[in-house]
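In: Generate a structure from the sequence data that follows.
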Amino acid sequence: MNTLTLTKQKIFDNKKRVFAYELIFKEDSDSLSGLTSHLKEASQLIVHAISNEELNKLIGHESKVFINVDDATLTKGILDVLDNKRFILNILEDIELNDHVVSKIIQYKKRGFSISLEHFDSSADMIKKFARLFNFIDIIKMDIILSQPQNLENLVKKFRNTRIKLVAQNIETQEDYDYCLNMGMDYFQGYYLDKPQTIELAEQKEPLQFIILQLIKIIKDDNSTESLESFIRQQPDLSYKLVAFFNNMKKFDVKIESLTQVITLMGRAKLLRWLLVYLYSEASSNPASKSILELALKRAQRMEDEAAPEYKNKAYLAGMFSMLDSIFETDMRELMNHLDMDRDIRSLVLERKGIFAGSLMRAEEAEKEYLKKIMLANFDKLNANDLIITLEENGIEIDKNRF
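Out: Residues are numbered from 1 along each chain as shown. This is a model prediction of the structure:
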């Protein structure tokens, strides 16, 4: 079982009450970073941390959390799945502040996220670098080790009694704490107050196929949009891919602010279709999954075209579901029971009966004719073992005496 390794460190207010935690994810055996540089893994780490009950027990369900972000995580849509009331986006000091990154920071601020600056060294260079962001910054983490005392004191005077709150970072001694407290700092972080604690969380991951089937059931049961968002938010790969898919759609020229917005604008029928495509393309270990997806899409589209207007959407779903057994190593009847699917779709998938049976048979006949041509044209390239396995899996007996 995979484990997620991270460190947590408390941040205190001026009465030594816990204000928030900083989480740092361990990327490999040698380095610590706010987020791994690999976007897919970063997405998994973020949302796994959010949804893991063991972590919530350690830091509380309502605690504020600082999470370090760089230019990649800001611009690739990963952060869209986070709770803006709980997570503070901590901008790393070495971030490249190009126009695109700045616009994304402002965008997240407008969406309700709190923005902080990490390891601020109080220098003129750093002030100049982040000057255009100060109107959007909520918290500055002042590094008291890297800062020259006079520069630090001048900046604290500048920001004291403004809306920007200051964290004294790297408090190592009682003297450090007293010095920063008397200076007027708002929050305090460092080894003197709390040493970082390393945590290993066991990854408890359901197979992606069943996660998507659960989501399909939520949609079919007509649950609230909030229920849909809550469920999708807990699935990092799914959340990231859904937002990326929506952003690539030409139909909507809008900036995504939440998963609720995606669900509302896409509509449930479109979301359901996307989930089925995702199921074939991402959840399958079958090496032919790409070809199977294309075949399923073609079949579903054909069946939709042939259906009466009131049955078109259902016919499409029936076509897609009719090929699910190609990616599941389980009984389709069990899956249908789990989903409690529409009677017409269930009859087609399990018994090849019902109003879509004729359309399915015509689609299969067209597929077989094409595949037969491909097989005959390439028969000398086919492996005998694969042919035997395919035939026997379909209940076709082989006469061994003919070999």
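In: domain parsing for this protein?
Out: 3-202, 208-362, 365-402 (automatic domain parsing).
In: which one of these has the lowest average pLDDT?
Out: Least confident of these, judged by mean pLDDT, is domain 208-362 with a mean of 78.
In: Mind naming the longest strand for the protein?
Out: Counting residues, the longest strand in the chain under DSSP state E turns out to be strand 3-13.
In: Could I get the domains of the chain in JSON lines, plus columns for mean neighbour count?
Out: In this view, the C-beta of every residue, glycine as well, is placed from N, C-alpha and C. What follows is the domains of the chain, written out as JSON lines (neighbours: other CB atoms under 10 Å):
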{"stretch": "domain 3-202", "mean neighbour count": "17"}
{"stretch": "domain 208-362", "mean neighbour count": "17"}
{"stretch": "domain 365-402", "mean neighbour count": "9"}
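In: what packs against the longest strand of the chain?
Out: strand 18-26, helix 39-51, strand 187-189, strand 197-202 (3 or more CB pairs under 8 Å, 6 or more residues apart in numbering; DSSP states H and E).
In: So which residues of the stretch 1-150 of the chain form helices?
Out: Shown for the stretch 1-150 of the chain, the helices assigned by DSSP state H, counting those that start in this stretch span residues 39-51, 53-59, 71-75, 99-110, 124-130, 149-159.
In: nope, the stretch 301-403 of the chain is what I meant
Out: So, for the stretch 301-403 of the chain - with DSSP H, counting those that start in this stretch - the helices run 312-321, 332-339, 343-351, 357-377, 384-393.
In: Now tabulate those helices in JSON lines and tack on distance to residue 229.
Out: As requested, those are arranged in JSON lines below (distance: least, CB to CB, whole Å):
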{"stretch": "helix 312-321", "distance to residue 229": "22"}
{"stretch": "helix 332-339", "distance to residue 229": "20"}
{"stretch": "helix 343-351", "distance to residue 229": "25"}
{"stretch": "helix 357-377", "distance to residue 229": "34"}
{"stretch": "helix 384-393", "distance to residue 229": "41"}
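In: how about those, which one is nearest residue 196?
Out: Between residue 196 and the helices of the stretch 301-403 of the chain, the tightest spacing by CB to CB is seen for helix 332-339, at 42.8 Å.
In: send the alpha carbons of the closest one over as CSV?
Out: Taking Å, rounded to 0.1, in the frame of the first residue of the first chain, the C-alpha atoms of helix 332-339 are listed here in CSV:
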residue,chain,number,x,y,z
MET,A,332,-21.7,-7.2,-15.1
ARG,A,333,-24.9,-8.2,-13.3
GLU,A,334,-23.2,-7.2,-10.0
LEU,A,335,-22.2,-3.9,-11.5
MET,A,336,-25.7,-3.2,-12.7
ASN,A,337,-27.1,-4.1,-9.3
HIS,A,338,-24.7,-1.7,-7.8
LEU,A,339,-25.8,1.1,-10.1
